[in-house]
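**Student:** turn this into a structure:
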Amino acid sequence: MTIEPVQRDDYDKALDIIFRTTGSRRVFPSAKPGSLIPLLNSKRCNLYWVRKPDRIMAAGLAIHHPGRVAMIFHSRCLEPGGITALCRLLDKLSRLALSQGAAVVEVLITDPTQPEVQAFRLAGYIHLAHLIFMSRTLENLTRQPRDTCFLPHEGRLEWSRFTLGDEERLARILTETFVDSLDCPAIHGMRRIEDVIEGYKASGIFRPDSWWLPRLRGNDLGCILINESAVDERTAEIVYLGVIPPWRKKGIARAMLKQSFAYMHRRGIKKISLAVDSGNAPALALYHQEGFRPINHQDVFITNAAMR
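**Tutor:** Reported below is the predicted structural model:
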């Protein structure tokens, strides 16, 4: 059994092996494997496979994303005999990605088998979260606030939009919202906050006017960051929503959702989506109450240099 980089003439074959068996379409939701060839030629990714003399045992693709994150897509391990091949493949791709500048390597997979989970662990990965993907339409909204929202017992929120001079303020807000967060808590601190922000900006189409940093009586409360889809101009995604600890359980998150719904609806967005850690019960309850419904789920496994 040997592991080796896939040569140019075999790109299509390797990509077909990966995307024929995997359930993940999140990064390239409408892409055919052949459309990834230009990306491979740009050297933003590594394509490897594990071979025996008579067949391909496994194939995998590691793609570098802004924010020092690499994501791995791999062929599925459908039987116990494939554990060794998948483990060697994940280990090779992870080490390469980390040596090339990634701070975190992620694998998103739908309904992992027990052999796959074992391969992840042997390759130095931990289970980060079971993500639930949710969406809701923005049609037929009830009357929503346009620029302000009055919270009972708290006062009137000031709706401040992110500007390109707000990086330090946003970094501080994000750092505070990560404290005691229930959303993928194990990943906090693995990347610099500047990398986290860069990653958020690169998730979809970044528009500063869709990133809100609300204030109350001069105090920052948290943030909600929404990007438009790069695939469908009528949809958008909440890439992050967080509230600073002293302001939690006061209706701030709900107010941010309602403000964002109204603004995106006025801009012609028809549907909005998000991903939430299944362990974050308060967030799940809020999203259900605000009309979001589950559409998919995936497990996330991660590794970094300290785990190797």
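
**Student:** what is the neighbour count of residue 258?
**Tutor:** Using other Cβ atoms under 10 Å, residue 258 is surrounded by 17 other residues. In this view, the C-beta of every residue, glycine as well, is placed from N, C-alpha and C.

**Student:** repeat that for residue 138.
**Tutor:** Using other Cβ under 10 Å: residue 138 sits among 23 other residues.

**Student:** quick thing: my sequence starts at 24, can you match it?
**Tutor:** In the new count, where the first residue is 24, that last one comes out as residue 161.

**Student:** now do the same contact list for it.
**Tutor:** If a contact means Cβ atoms under 8 Å, 6 or more residues apart in numbering, then residue 161 has 284, 287-288, 292-295 as its contacts.

**Student:** dump these into CSV; add distance to residue 213, neighbour count and pLDDT as well.
**Tutor:** Converted to CSV, the contacts of residue 161 look like this (distance: Cβ to Cβ, whole Å; neighbours: other Cβ atoms under 10 Å; pLDDT from 0 to 100):
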residue, distance to residue 213, neighbour count, pLDDT
284, 32, 21, 94
287, 30, 21, 94
288, 36, 17, 93
292, 32, 22, 95
293, 35, 14, 95
294, 31, 16, 96
295, 28, 24, 97
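
**Student:** can you give me the helices in the stretch 74-223 of the chain?
**Tutor:** Remark: helices assigned in the stretch 74-223 of the chain by DSSP state H, counting those that start in this stretch are 106-122, 137-145, 190-200, 216-225.

**Student:** deepest in the core, which of those helices is it.
**Tutor:** Stretch with highest mean neighbour count among the helices of the stretch 74-223 of the chain: helix 106-122 (a mean of 21; mean count of other Cβ atoms under 10 Å).

**Student:** for residue 282, give its distance to residue 237.
**Tutor:** 8 Å (Cβ to Cβ, to the nearest Å).

**Student:** got it, and residue 149?
**Tutor:** 34 Å.

**Student:** one step back: of the contacts of residue 161, which belong to helices?
**Tutor:** Among the contacts of residue 161, the members found in helices (DSSP state H) are 284, 287-288.

**Student:** any chance of the residues you listed in TSV, plus distance to residue 328?
**Tutor:** TSV is the format used below for those (distance: Cβ to Cβ, whole Å):
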residue	distance to residue 328
284	40
287	38
288	44
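
**Student:** what is the nearest of those residues to residue 241?
**Tutor:** Among the ones in helices among the contacts of residue 161, residue 284 lies closest to residue 241 (Cβ to Cβ), at 25.8 Å.

**Student:** any idea how far residue 233 is from the closest one?
**Tutor:** Shown here: residue 284 relative to residue 233, a distance of 12 Å by Cβ to Cβ.

**Student:** closest one of the ones in helices among the contacts of residue 161 to residue 331?
**Tutor:** Checking those against residue 331 by Cβ to Cβ gives residue 287 as the nearest, at 41.2 Å.

**Student:** skipping adjacent residues, who's closest to that closest one in space?
**Tutor:** Spatial nearest neighbour of residue 287, excluding adjacent residues (Cβ to Cβ, 6 or more residues apart in numbering): residue 259 at 5.6 Å.

**Student:** quick one: contacts of the helix or strand residue 41 falls within?
**Tutor:** Element membership of residue 41, judged by DSSP states H and E, is helix 34-44. Helix 34-44 is touched from outside by 29, 56-57, 59-60, 63, 70, 72, 79, 82-84, 96-99, 101, with contacts defined as Cβ under 8 Å, 6+ apart.

**Student:** same question for stretch 261-281.
**Tutor:** So stretch 261-281 is contacted by 167-168, 172, 174-177, 180, 196-197, 199-204, 206, 223, 226-227, 235, 237, 239, 242-250, 283, 295-297, 306, 309, 312-313 (Cβ under 8 Å, 6+ apart).

**Student:** just the pLDDT for residue 216.
**Tutor:** The confidence metric pLDDT takes the value 98 at residue 216.

**Student:** for it, what are its contacts?
**Tutor:** Counting by Cβ under 8 Å, 6+ apart, residue 216 touches 194, 197-198.
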